[in-house]
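Peer 1: Just to be clear, the model below is a prediction. Sequence and coordinates:
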Amino acid sequence: MNKYLRYLSLAVLAVMLFSCKSGEKLYNQGRYDDAVKAFVKKLQRRPSDATSLSLLPQAYNAAMEFHEGRAKQALASNNDLKWESVKNEYRSMQNLYNIIRSAPAANAVVKPKDYSSAITGALENAAEARYERGVQLLERGDKQSARQAFEEFDAALRLTPNYKNAKELRDEAYAIGLVNVMVSEIEVRSPYYQFTADQFRDALVRNLQTRNINTFVKFYDSRMVRGDSKFRPDQYMEMRFMDFIVGQTYVDRYSRDVSKVISVPGSKKDSTGKAIMVDITVKATVFVTTKTVASNGVLDYRITDVDNNRVLRQDRVPGSFTWRNQFGTYRGDERALSEEDRRLMGGRDIPPPPPQDLFMELTRPIYDRLASDLQSFYNQY
C-alpha cells in the first residue's frame, strides 16, 4: 500500500512539474493567452506556486499588449468591417479576464481589465456598419444587390439581435432578391398512351421546395398559383416527356435438370436396431418462365426568363425501366430443389402493370437526375 502511495505521489508531482514547465514553455514561445490559462490552472491546484505567481502577470501583460495593439491597428484602418475585428480582440481579452477571476490566487497578483462594456459597444458599431452596407445595397434595386443586402442585414442581426429595423429590411431584401420559378404542366407525348404526369410534378416540386437548393430560388406548381394576381414568376420551367414507349411483353422459357445427393435411412440396421443412413441422388427438372416489359422515355425541359423570354437552360434526361416477373414449376423429386428453385416455385404468373404505373417507375431515375441538374444550375445564382 505504501509503495502504491509513493508511486501515486510521484505521478502527481510529475504532472505538476509538467504543468509548470508547459506554462513557461508557452510563455517563451510567445503564446501568451495559452500561458495565462496554464498558469491559472496551476494556481487553482497550488495557490502558492512561485513560478506561476511570478510569470502570470508578465504573460497577462504581454497578451493584453498583443490584443490591444491589434485592436488599435484595426481601428486605424479604412475597412468598413473593422469593428468585427475589434470585437474579436476585446473578446479574447475578456476571456483572459474571466479565466483570472476564476482563481483567487491568480486574481491576487493580476487585476484583469473587464471588457464587457467595450464588447457591447463594438457589437453595436459592427452591426451599424453591416446595416449601412445593407441599406446602400438595397437602394440599388436589383436582385443581386438585394441578395447581398440580405446577407448584410442578417450579419447585423447576428451581431446585435433586433438591431433597428434590420429584420424588416432583411425580409424586404429577400423578397426583391427571390427568383420565383413556376413549373408548368407536364405533357406526355406518346402515340399510344394518353395520361398526365401530375404525380411526377407533385413529387418534383415538393422535393425542390424542401431541398432548399438556393436561398433565393423558390419553385411553385402552376396549378397552385393559377388565379393569384399577386404572384409574378421570374422564370418558367416547361417539361415534356418525349417518346414514352412501353415495349411488348417478352416471354422467355427454359428448363434445367437439377440433382442433389441426400442421406436417407437404408434397409440395413446397426446393432442397436437403428437404420443405417445411405446416400442417394435425387433429380428433378425445373421449368422457368421470365416475363419482361421494357419502357423508356426522354424528359425534355426548358427554363426561360419571363421578362425577355431568353432560354436559360435546356436539356434532355433519358430514363428507362424494365418490369420483370419470374416463376417456375418442376417435375421430379422436390428434394432436389435448391433454395433459389423453391423461391421460383413460390412465384406466379401475373400480368404486367398498366402503362401509367410503368411510367411512374420510369420517372424515378429521371427525377433524381433532373433534381441534381437543377441543383447544379441554381447553385450558380
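Peer 2: Thanks, I have it.

Peer 1: which stretches of the stretch 51-200 of the chain have low pLDDT?
Peer 2: Confidence mapping of the stretch 51-200 of the chain against pLDDT under 70 gives the ranges 191-195.

Peer 1: What are the boundaries of the helices in it?
Peer 2: 82-101, 104-109, 116-138, 143-159, 166-177, 198-211 (DSSP state H, counting those that start in this stretch).

Peer 1: could those go into a markdown table alongside mean neighbour count and distance to Gly347?
Peer 2: For every residue, glycine as well, the C-beta is placed using N, CA and C. Conversion of the helices of the stretch 51-200 of the chain to a markdown table gives the following (neighbours: other CB atoms under 10 Å; distance: least, CB to CB, whole Å):
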| stretch | mean neighbour count | distance to Gly347 |
| --- | --- | --- |
| helix 82-101 | 19 | 68 |
| helix 104-109 | 16 | 79 |
| helix 116-138 | 18 | 66 |
| helix 143-159 | 20 | 57 |
| helix 166-177 | 18 | 56 |
| helix 198-211 | 16 | 28 |
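
Peer 1: The residue lying closest to Ala62 once chain neighbours are set aside: what's it in contact with?
Peer 2: Leaving aside its chain neighbours, Ala62 sits nearest to Tyr32 (4.4 Å; criterion: CB to CB, 6 or more residues apart in numbering). Each residue near Tyr32 by CB atoms under 8 Å, 6 or more residues apart in numbering is listed here: 26, 59-60, 62-63, 66.

Peer 1: what's the answer for Ala126, then?
Peer 2: So Ala126 contacts 81, 83-84, 86-87, 159-160 (CB under 8 Å, 6+ apart).

Peer 1: Quick check: closest non-adjacent residue to it.
Peer 2: Of all residues beyond its chain neighbours, the one nearest Ala126 is Trp83 (3.8 Å), with distances taken as CB to CB, 6+ apart.

Peer 1: What separation do you get for that neighbour and Arg133?
Peer 2: 12 Å (CB to CB, to the nearest Å).

Peer 1: I'd like the contacts of Tyr32 as CSV, with neighbour count and distance to Gln314 appended.
Peer 2: Written out in CSV, the entries for these read as follows (neighbours: other CB atoms under 10 Å; distance: CB to CB, whole Å):
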residue, neighbour count, distance to Gln314
Leu26, 20, 61
Ala59, 26, 65
Tyr60, 27, 65
Ala62, 17, 64
Ala63, 22, 60
Phe66, 16, 58
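
Peer 1: want to throw those into a markdown table with distance to Phe359?
Peer 2: What follows is the contacts of Tyr32, written out as a markdown table (distance: CB to CB, whole Å):
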| residue | distance to Phe359 |
| --- | --- |
| Leu26 | 69 |
| Ala59 | 73 |
| Tyr60 | 74 |
| Ala62 | 74 |
| Ala63 | 69 |
| Phe66 | 69 |
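
Peer 1: And the residues you listed, which is closest to Phe287?
Peer 2: Leu26 (81.5 Å; CB to CB).

Peer 1: got a list of what the closest one touches?
Peer 2: Shown here is Leu26, whose contacts under the criterion CB under 8 Å, 6+ apart are 32, 34-35, 38.

Peer 1: who wins for neighbours among those?
Peer 2: Per-residue neighbour counts (other CB atoms under 10 Å) across the contacts of Leu26 peak at Ala35, which has 26 neighbours.

Peer 1: My guess is it contacts Leu55. True?
Peer 2: Yes - between Ala35 and Leu55 there is a contact at 7.4 Å, judged by CB atoms under 8 Å.

Peer 1: and for these two, which residues touch both?
Peer 2: Common neighbours of Ala35 and Leu55 are listed as 23-24, 27 (criterion: CB under 8 Å, 6+ apart).

Peer 1: which of these tops the neighbour count?
Peer 2: The member of the shared contacts of Ala35 and Leu55 that has the most neighbours, counting by other CB under 10 Å, is Gly23 with 27 neighbours.
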